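> turn this into a structure:
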Amino acid sequence: MKMKPWFALILALVLAFSLAACGGSNATEENDAAGGDQASAEPANQEAENTGETDELTPEDGAKLVVWESQEEKPFIEEVGKRFEEKYGVPVTVEVVPGGDQGGRLATDGPAGLAADILTLPHDQIGPAVTATLLLPNDIHEEETRNSMVEAAITASSYDGMLYGYPKSVETYALFYNKDLLPEAPKTWDEVIEFSKTFNDVNNKKYGIMWEVGNFYFGHIFFSGFGGYVFGDNGTNPEDFGLNNEGSVEGLKFMQSLKEILPVNTGDITWDVKTQLFTEGKLAMNIDGPWAVSSFRDKVNFGVAPLPKFPNGKDPISFSGVKSYYVNSYTKYPNAAKLFAQFASSKEIQLLNHEMTGIIPANKEANQDPVIVDNPIVSGFSQQFVNSTPMPSIPAMRDVWEPGAGALTTVWNDGADVKATLDTNANTIKEKIKAAQ
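Okay, here's the model as predicted:
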């Protein structure tokens, strides 16, 4: 079924949440070059050596680690680094690199010996990284990782059958709503439109709803909810391209019509802008992910609910993803790096991450903890997860993001003809994929 690829993958994760219930991009900070003492331009050995007397890896003598993390998760990962150093005696430096930039930075900085030892990647970025031999497999801790994480996270953190990641969190986006402005979340986009027409005050920057209109990650719902899709065969066949089919055209026409209630161009709808407006009570509804929870906690009386149904009666199919820690293949300290990745993905640390940032853990036992089971915020995201599809992880997906964003921007800002825009966009993407082969 094209509209919901990898359904079995999603079902596995939903089952994990169900069992748990039964059981009881946005940093702008500049940084110095990462990992400055990682001078080796050769990949590390694929298998780290256990030099200790126990089954646990022993860090290399003089090991010190650099971790890349986004600005919003910097306080969390710094705390993890302190705990890791207390346990293993290995100092950890955190450098801020936006999540969306880490894969690209690794491709250039890894071979140059300038990349971090450990980084976080969404699962759709591991294909290009593995193909370029930039990541070490999760070999030493593979059995433990497979036993402790939800199956969907394991599948998403693997490539060609080999496990590379140390799963950290699972996520999709949903509808944040201000309970002081909306006691209940709207069930349909018709309700959203009706509310926004009465609530909007453009001169005072008050809006009923916002999402990052020019970001294909969020814009995907307007394709998938009407029968569009990226690639066929469960997101693995770039020869079957569905972003300009009849459903995609219909969906983007509906999105284009929503500018009536959100008369703002894409460049002015950034994560920072809408986060501030939602915090100030000037934005009633905000489509965002669990990473935004920490920005609103103790500032807004908010709830999280599944995305509203479209006028065709269909549910928006959001992109979902799995974020995992990965070890740079050019690290000078593969033992220490693998130890850190395993340590940072443990149940205890994932619960700490949830406490500090609001992430949904990938660890099965963490998902069965009462702090997760009884959390209505997590419940809102998990309900949306039922109607989500994992981002394709094949290398061709990297050629979709920029043109996809360009098509959304052209349709929204300029009121361009939807079909003509999507046809042009499809040709651009196909040419980019062909050129990369």
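
> what's the nearest residue to Tyr217 if we skip its chain neighbours?
Leaving out its chain neighbours, the residue that sits closest to Tyr217 by Cβ to Cβ, 6 or more residues apart in numbering is Phe319, at 5.5 Å. The way it works is simple: take the backbone N, C-alpha and C, and place the C-beta from them, glycine included.

> which residues of the stretch 301-437 of the chain fall in strands?
In the stretch 301-437 of the chain, the segments counted as strands under DSSP state E, counting those that start in this stretch are 302-305, 318-328, 360-361, 388-390.

> now do the third one, average pLDDT.
Looking back up the chat, that one is strand 360-361. Computed over strand 360-361, the mean pLDDT rounds to 88.

> which residues sit against that strand?
In this structure, residues lying in contact with strand 360-361 by Cβ atoms under 8 Å, 6 or more residues apart in numbering are 169-171, 290, 347, 350-351, 353-354, 367, 372, 378, 381-382.

> just among those residues, which is most surrounded?
For these, the largest neighbour count, defined by other Cβ atoms under 10 Å, is 29 neighbours, found at Val170.

> how close does that residue get to Ile372?
When distances are taken as Cβ to Cβ, to the nearest Å, Val170 and Ile372 turn out to be 12 Å apart.

> so what pLDDT did Leu163 get?
Looking at Leu163, its pLDDT reads 96.

> go on, Ser18?
In the predicted model, Ser18 carries a pLDDT score of 38.

> Ser329 too?
At Ser329, the predicted lDDT confidence score is 98.

> for the closest residue to it other than its chain neighbours, which residues are in contact?
Once its chain neighbours are removed from consideration, Ser329 has its nearest residue in Pro43; the separation is 4.0 Å (Cβ to Cβ, 6+ apart). Taking Cβ under 8 Å, 6+ apart as the definition of contact, the neighbours of Pro43 are 133, 136, 329-330.

> go ahead and name everything in contact with whichever helix in the chain runs longest.
Secondary structure of the chain read by DSSP state H shows that its longest helix is helix 418-436. The set of residues external to helix 418-436 that reach it, using Cβ under 8 Å, 6+ apart, is 238, 241, 243-244, 248-249, 252-253, 256, 395-396, 399-400, 403-404, 406-407, 410-411.

> mind checking which of the contacts of Pro43 are buried?
Neighbour-count burial (16 or more other Cβ atoms under 10 Å) is assigned, among the contacts of Pro43, to 136, 329-330.

> give me the contact list for stretch 341-349.
Contacts made with stretch 341-349 from outside it, assessed by Cβ under 8 Å, 6+ apart, are listed as 77, 80, 83-84, 87-88, 118, 138, 141, 144-145, 148-149, 166-168, 324-327, 361-363, 365-366, 369.

> just stretch 230-245 next, same as before
Among residues not part of stretch 230-245, those counted as contacts by Cβ under 8 Å, 6+ apart are 2, 5-6, 220, 223, 227-229, 248, 389-394, 396-397, 400, 404, 407, 419, 422-423, 425-426, 429-430, 433.

> ends of it, how far apart?
Length of stretch 230-245, first residue to last, Cα to Cα, to the nearest Å: 10 Å.

> buried residues in that stretch?
Of the residues in stretch 230-245, 230-231, 234-235, 238, 241-245 count as buried by neighbour count, 16+ other Cβ under 10 Å.

> for stretch 63-83, same thing?
Of the residues in stretch 63-83, those with enough neighbours to count as buried (16+ other Cβ under 10 Å) are 63-70, 72-74, 76-77, 80-81.

> and stretch 417-436, by the same measure?
Residues of stretch 417-436 classed as buried: 418, 421-422, 424-426, 428-430, 433 (neighbour count, 16+ other Cβ under 10 Å).

> can you list the weak-confidence ranges in the stretch 151-300 of the chain?
Using pLDDT under 70 as the threshold, the predicted model of the stretch 151-300 of the chain has no low-confidence range.

> what are the ranges of the strands in it?
Counting by DSSP E, counting those that start in this stretch, the strands of the stretch 151-300 of the chain are 158-159, 162-163, 166-172, 174-178, 207-210, 231, 237-241, 283-288.

> what about Ile118, how many residues nearby?
Neighbouring residues of Ile118 were enumerated by other Cβ under 10 Å; the total is 27.

> what kind of secondary structure is the closest residue to it other than its chain neighbours in?
Closest residue to Ile118 apart from its sequence neighbours, by Cβ to Cβ, 6+ apart: Val67 at 4.8 Å. Counting by DSSP: H, G, I helix; E, B strand; the rest coil, the backbone at Val67 sits in strand.

> and the gap between Val67 and Val327?
Look at Val67 and Val327: by Cβ to Cβ, they are 11 Å apart.

> between these two, which contacts overlap?
Common neighbours of Val67 and Val327, using Cβ under 8 Å, 6+ apart, are 117-118.

> count of neighbours near Leu114?
20.

> correct me if wrong, but it is in a helix.
No. Counting by three-state DSSP, Leu114 is located in no helix; its state is coil.

> per-residue pLDDT, it?
At Leu114, pLDDT is 96.

> how about Asp374?
The predicted structure scores Asp374 at 87 on the pLDDT scale.

> and for Ile10?
38.

> then the one 4 residues further on?
Predicted confidence (pLDDT) at Val14: the value is 38.

> repeat for Asn45
The predicted local distance difference test score for Asn45 is 59.

> i'd like the first residue to be 426 from this point on
With the count now opening at 426, the last piece we talked about shows up as Asn470.

> what distance do you get for Asp799 to Glu637?
Noted for Asp799: a distance of 30 Å to Glu637, by Cβ to Cβ.

> those two: who's more crowded?
Neighbours of Asp799 and Glu637, each counted by other Cβ under 10 Å, are more numerous for Glu637; the result is 21 against 11.

> buried subset of the contacts of stretch 655-670?
Among the contacts of stretch 655-670, those classed as buried by 16+ other Cβ under 10 Å are 427, 430-431, 645, 648, 652-654, 673, 814-819, 821-822, 825, 829, 832, 847, 850-851, 854-855, 858.

> ok so, going back, partner residues bridging the residue nearest to Tyr642?
Beta-bridge partners for Phe744, by DSSP bridges, are Thr814.

> distance of it from Asn640?
Taking Cβ to Cβ as the criterion, Phe744 is separated from Asn640 by 10 Å.

> cool, Glu685 as well?
20 Å.

> how long is stretch 493-500 end to end?
Start and end residues of stretch 493-500 are separated by 12 Å (Cα to Cα).

> from the chain's centroid, how far away is that stretch?
For stretch 493-500, the distance from its own C-alpha centre to the chain's C-alpha centre is 14 Å (Cα atoms, centre = their mean, to the nearest Å).

> and stretch 689-705, by the same measure?
In terms of Cα atoms, centre = their mean, the centre of stretch 689-705 is set 19 Å apart from its chain centre.
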